[in-house]
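Asks: Kindly return the folded structure for what I paste below:
(one chain, ligands or ions: 1)
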Amino acid sequence: MAEIEDADKVICAMRSSVPVDLEEGKTYYWCTCGRSKKQPFCDGSHQGTAFKPMAYTATATEQRKLCQCKQTANPPFCDGRHKKLPEDAAGKAFPPNSVP
Ligand code: FES
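Replies: As a prediction, this is how the structure comes out:
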């Protein structure tokens, strides 16, 4: 199996959140690694990295903004940390929890 580049780092999938319509009681698998092509959800691309998807069961049927930069301290929701990443952060690797 080929080595995954920066396997211990998360990729900033997008330097922005994405609004998602969540359904109460439904479980979603939020991509923590940033490598999924189905952001903000896992598509299995984390295999070979240090990361696994985070299961989240929606507590209400509502639209929420989910994190795509993978630096949020309140996953799977956006907490605005993407604004502290460099403007050209999309597609780049960063250590997890690297944004204070
Ligand atoms: Fe990123 Fe699964 S693809 S956690």
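Asks: any idea how far Pro86 is from Thr59?
Replies: 34 Å (CB to CB, to the nearest Å). C-betas here are computed from N, CA, C, even on glycine.
Asks: Likewise for Phe77?
Replies: 12 Å.
Asks: more crowded one of the two?
Replies: Phe77 (16 against 9; other CB atoms under 10 Å).
Asks: residue contacts, that one?
Replies: Arg64, Lys65, Leu66, Cys67 (CB atoms under 8 Å, 6 or more residues apart in numbering).
Asks: Now Lys84, what are its backbone angles?
Replies: Main-chain dihedrals, Lys84, degrees, to the nearest 10: phi -90, psi -10.
Asks: Pull the contacting residues for it.
Replies: Gln71, Val99, Pro100.
Asks: and with 10 Å instead?
Replies: Arg15, Cys69, Gln71, Ser98, Val99, Pro100 (CB atoms under 10 Å, 6 or more residues apart in numbering).
Asks: again, but for Ala7
Replies: Contacts of Ala7 by CB under 10 Å, 6+ apart are Cys33, Arg35, His46, Gly48, Thr49, Ala50, Phe51, Ala93.
Asks: Equivalent analysis for Pro100, please.
Replies: Contacts of Pro100 by CB under 10 Å, 6+ apart are Gln71, Ala73, Arg81, Lys84.
Asks: ok, those residues vs Ala55, which is closest?
Replies: Of all those, Ala55 sits closest to Ala73, with 18.0 Å by CB to CB.
Asks: would CSV of the contacts of Phe77 with pLDDT be doable?
Replies: Shown next, in CSV, are the contacts of Phe77 (pLDDT from 0 to 100):
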residue, pLDDT
Arg64, 98
Lys65, 98
Leu66, 98
Cys67, 98
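Asks: With neighbour count, distance to Glu23 and secondary structure added, can I get the residues you listed in a markdown table?
Replies: Below are the contacts of Phe77 laid out as a markdown table (neighbours: other CB atoms under 10 Å; distance: CB to CB, whole Å; DSSP: H, G, I helix; E, B strand; the rest coil):
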| residue | neighbour count | distance to Glu23 | secondary structure |
| --- | --- | --- | --- |
| Arg64 | 16 | 11 | strand |
| Lys65 | 17 | 16 | strand |
| Leu66 | 21 | 14 | strand |
| Cys67 | 28 | 19 | coil |
